[in-house]
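Undergrad: Would you be able to build a 3D model of this:
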Amino acid sequence: MISVQVAWARLGDAHAGLLTLLDPVERGRHDETVAPADRARFLVGCALSRLLLGELLGLSPARVPLRRVCPRCGGPHGKVRLAMPDAPAPYDFSVTHSGAVIGVAVSSDGAVGLDVEDVEAPLDVEGAARTALSPTELAALHALPPAERRPAFLRVWTRKEAVLKALGVGLRMPLRALEVSAPAAPPAVLAWPPPPAVPPEVHPADPRMTDLRPADLRMADLLVDGVHTAAVAVAATGATPVTRAGARSTVSGPEGVRVVLRDGSALLAVHAR
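TA: A predicted model of the protein is given here:
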């Protein structure tokens, strides 16, 4: 069974004591971020990632070796990855945020992607749907009563975002060609663009991902604070499940994804303000 740790924290969990966990690149990005809310989200995401990975690796959070390299320009941005010096990285992780919610997912079973959407954020559902949904998905959305379209769209959107993050391609993959199951159905990838439709620079960064089929993706739907729509996806590679004592786990859907929920706010609070 695929296993994923998911920890949720909040914007208010940011405090100056967490700055000691950041490396020089992270500290520089933090200090250069102008908007206070964006700066807090970045700090919480970095600190929570380091706390979870440090626990798994047996390292202090500040010593977790992370690497940010854009596959297109080589700059210090893009998906953050573990940079183990002498061996393949034993874990993959994904950071997401929306509004006041910040989340981190970690898995040893494959490349992982996590997405959350603030249900109260302004959203042009019709405009976003025309851009992001396949013809089949769009028809299904329009078949719903108007009051049900926003939550249905967010469910589909978070699934797609989680998949794109797991593959490490971001929004450069044609969204309308990536099709997932209906909102009320168990989460699954039904189809994605054939290789000729995807530019070479958009191919997954991990060479193990290049031969994936839609059936190789495992997903789980999540709900944060009982209201915020979220999803996690893993491009399975068959490694050892992630488990930790004291964590609360749930299994979502028939795909066999075991989600181990962690209290990210509690982890961050350990460091003195």
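
Undergrad: now the residue nearest to Val6 when sequence neighbours are not counted: how far from Leu141?
TA: Closest residue in space to Val6, ignoring its immediate chain neighbours: Ala105 at 4.8 Å, by CB to CB, 6 or more residues apart in numbering. Yep, even glycine has a C-beta here, placed from its N, CA and C like the rest. Per CB to CB, to the nearest Å, Ala105 is found 27 Å from Leu141.

Undergrad: Compare the two and say which is more crowded by neighbours.
TA: Shown here are Ala105 and Leu141; by other CB atoms under 10 Å, Ala105 has more neighbours (32 against 20).

Undergrad: Which SSE is immediately downstream of the helix or strand bottoming out on mean pLDDT in the chain?
TA: For the chain, the helix or strand with the lowest mean confidence is strand 248-252, at a mean of 41 (criterion: mean pLDDT, DSSP states H and E). The element immediately downstream of strand 248-252 (helix or strand, assigned by DSSP states H and E) is strand 257-263.

Undergrad: Parallel or antiparallel, which strands does that next one pair with?
TA: Strand 257-263 has the following strand partners under DSSP bridges: strand 2-10 (parallel), strand 248-252 (antiparallel).

Undergrad: show me where pLDDT drops low in the stretch 151-273 of the chain?
TA: Where the stretch 151-273 of the chain drops to pLDDT under 70, the residues are 170-172, 194-212, 237-255, 272-273.

Undergrad: Break down the stretch 1-150 of the chain into its strands, ranges please.
TA: Per DSSP state E, counting those that start in this stretch, the stretch 1-150 of the chain carries strands over the ranges 2-10, 66-68, 80-82, 92-98, 101-107, 110-117.

Undergrad: If you could redo that for the stretch 151-273 of the chain, that was the one I meant.
TA: Applying DSSP E, counting those that start in this stretch to the stretch 151-273 of the chain gives strands spanning 179-180, 189-191, 217-224, 228-236, 248-252, 257-263.

Undergrad: Can I get stretch 14-28 as CSV, trimmed to CA atoms?
TA: Provided in CSV are the C-alpha atoms of stretch 14-28 (Å, rounded to 0.1, in the frame of the first residue of the first chain):
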residue,chain,number,x,y,z
ALA,A,14,5.0,31.5,11.4
HIS,A,15,7.4,32.9,14.0
ALA,A,16,10.9,34.2,14.1
GLY,A,17,12.3,31.1,15.8
LEU,A,18,11.7,29.1,12.6
LEU,A,19,14.2,31.2,10.7
THR,A,20,17.1,29.3,12.3
LEU,A,21,15.9,26.2,10.3
LEU,A,22,16.4,27.8,6.9
ASP,A,23,19.5,27.5,4.7
PRO,A,24,21.1,30.6,3.1
VAL,A,25,19.1,30.3,-0.1
GLU,A,26,15.8,30.0,1.8
ARG,A,27,16.7,32.8,4.1
GLY,A,28,17.5,35.0,1.1
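
Undergrad: Might one say that Val25 is in contact with Arg68?
TA: Yes. Checked against CB atoms under 8 Å, the pair Val25 and Arg68 is within contact range at 6.6 Å.

Undergrad: Tell me the pLDDT of the closest residue to Gly54 other than its chain neighbours.
TA: Closest residue to Gly54 apart from its sequence neighbours, by CB to CB, 6+ apart: Pro61 at 4.1 Å. Listed pLDDT for Pro61 reads 95.

Undergrad: do Leu53 as well
TA: 97.

Undergrad: who touches it in this structure?
TA: Neighbouring residues of Leu53 by CB atoms under 8 Å, 6 or more residues apart in numbering: Leu59, Pro61, Val64, Leu66, Leu82, Tyr91, Phe93, Val106.

Undergrad: May I see those organised as JSON lines, with distance to Met173 and neighbour count added?
TA: JSON lines is the format used below for these (distance: CB to CB, whole Å; neighbours: other CB atoms under 10 Å):
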{"residue": "Leu59", "distance to Met173": "33", "neighbour count": "13"}
{"residue": "Pro61", "distance to Met173": "32", "neighbour count": "22"}
{"residue": "Val64", "distance to Met173": "29", "neighbour count": "20"}
{"residue": "Leu66", "distance to Met173": "24", "neighbour count": "17"}
{"residue": "Leu82", "distance to Met173": "23", "neighbour count": "19"}
{"residue": "Tyr91", "distance to Met173": "24", "neighbour count": "19"}
{"residue": "Phe93", "distance to Met173": "20", "neighbour count": "25"}
{"residue": "Val106", "distance to Met173": "23", "neighbour count": "26"}
